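Undergrad: Have a look at this prediction, sequence included:
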Amino acid sequence: RYGKDSIPYLLPYYKAQLDSNDDNKRNNAIIGIGNMGAAALNLVPKLRTILTSNNRDSKGYAATILGQIARDVASIRQNGNLSTQQRQQAIAEFTKALRTMQAPNARFNAEPKERIRNALTILSK
């Protein structure tokens with residue numbers, strides 16, 4: 001909603017908000033990151049750590065947004081606009097995220113896991 005030119009300014013703000021003790025600030029940041037698409041690839045490690053947090057809502061939001069980012073990165077890969085370094089980073093990070101989401105007793109929705117699986121298939125080609 002802010003436009004592509006705002007991404008370099010918003011990503012550091014959202015990254016800082018991910019560490020907030022205020023659930024609303026943290027959750028709003030997670031949702032905001034989802035609006036950044038593939039530009040948020042560097043925030044995937046922070047979102048991955050939220051998957052193992054004690055905050056149920058934040059975990060769910062993070063899983064959903066990770067699925068969205070994975071889908072967006074895979075789309076860029078299909079268009080041929082993803083560097084080798086970004087591709088390798090994406091494969092490594094999304095593999096870790098999927099492993100966390102599929103762990104025994106992890107209770108994540110199927111849709112974000114499927115988006116990440118599909119993205120990994122595309123990224124691995």
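TA: That came through, no problem. Just so it is clear, the structure is predicted and the values come from calculations on it, not from any experiment.
Undergrad: From the chain's centroid, how far away is the lengthiest helix in the chain?
TA: Using DSSP state H, we find that the single longest helix of the chain is helix 56-78. Taking CA atoms, centre = their mean, to the nearest Å, the mean C-alpha location of helix 56-78 is offset from the chain mean by 4 Å.
Undergrad: Tell me the spatial nearest neighbour of Y13, not counting adjacent residues.
TA: If the residues on either side of it in the chain are set aside, Y13 comes closest to A29, at 7.8 Å by CB to CB, 6 or more residues apart in numbering. Where you see a C-beta, it was placed from the backbone N, CA and C, and this is true even at glycine.
Undergrad: any idea how far that neighbour lies from K113?
TA: Spatial separation of A29 from K113 under the definition CB to CB, to the nearest Å is 22 Å.
Undergrad: Name the residue in the two with the higher neighbour count.
TA: Here A29 and K113 are set side by side on neighbour count (other CB atoms under 10 Å), and the busier one is A29, at 26 against 19.
Undergrad: host element of that one?
TA: Secondary structure from DSSP states H and E places A29 in helix 23-34.
Undergrad: Show me the contact partners of that helix.
TA: Where contact means CB atoms under 8 Å, 6 or more residues apart in numbering, the residues beyond helix 23-34 that reach it are 10-11, 13-15, 17-20, 40, 43, 47, 50, 55, 57-58, 61-62, 64-65, 68-69.
Undergrad: Please find the angle between the direction vectors of it and helix 56-78.
TA: Helix 23-34 and helix 56-78 are oriented at 10 degrees to each other (axes from the mean of the first three to the mean of the last three CA atoms, to 10 degrees).
Undergrad: Go through helix 23-34 and flag the buried ones.
TA: R26, N27, A29, I30, G32, I33, G34 (16 or more other CB atoms under 10 Å).
Undergrad: Which one of these is nearest to D5?
TA: Nearest to D5 among the buried residues of helix 23-34: G32, at 15.5 Å, using CB to CB.
Undergrad: what's the angle between the helix or strand bottoming out on mean pLDDT in the chain and helix 23-34?
TA: Taking mean pLDDT, DSSP states H and E as the measure, helix 7-17 is the helix or strand of the chain with the lowest mean score, a mean of 92. Using the same axes, to 10 degrees, the interaxial angle of helix 7-17 with respect to helix 23-34 works out to 150 degrees.
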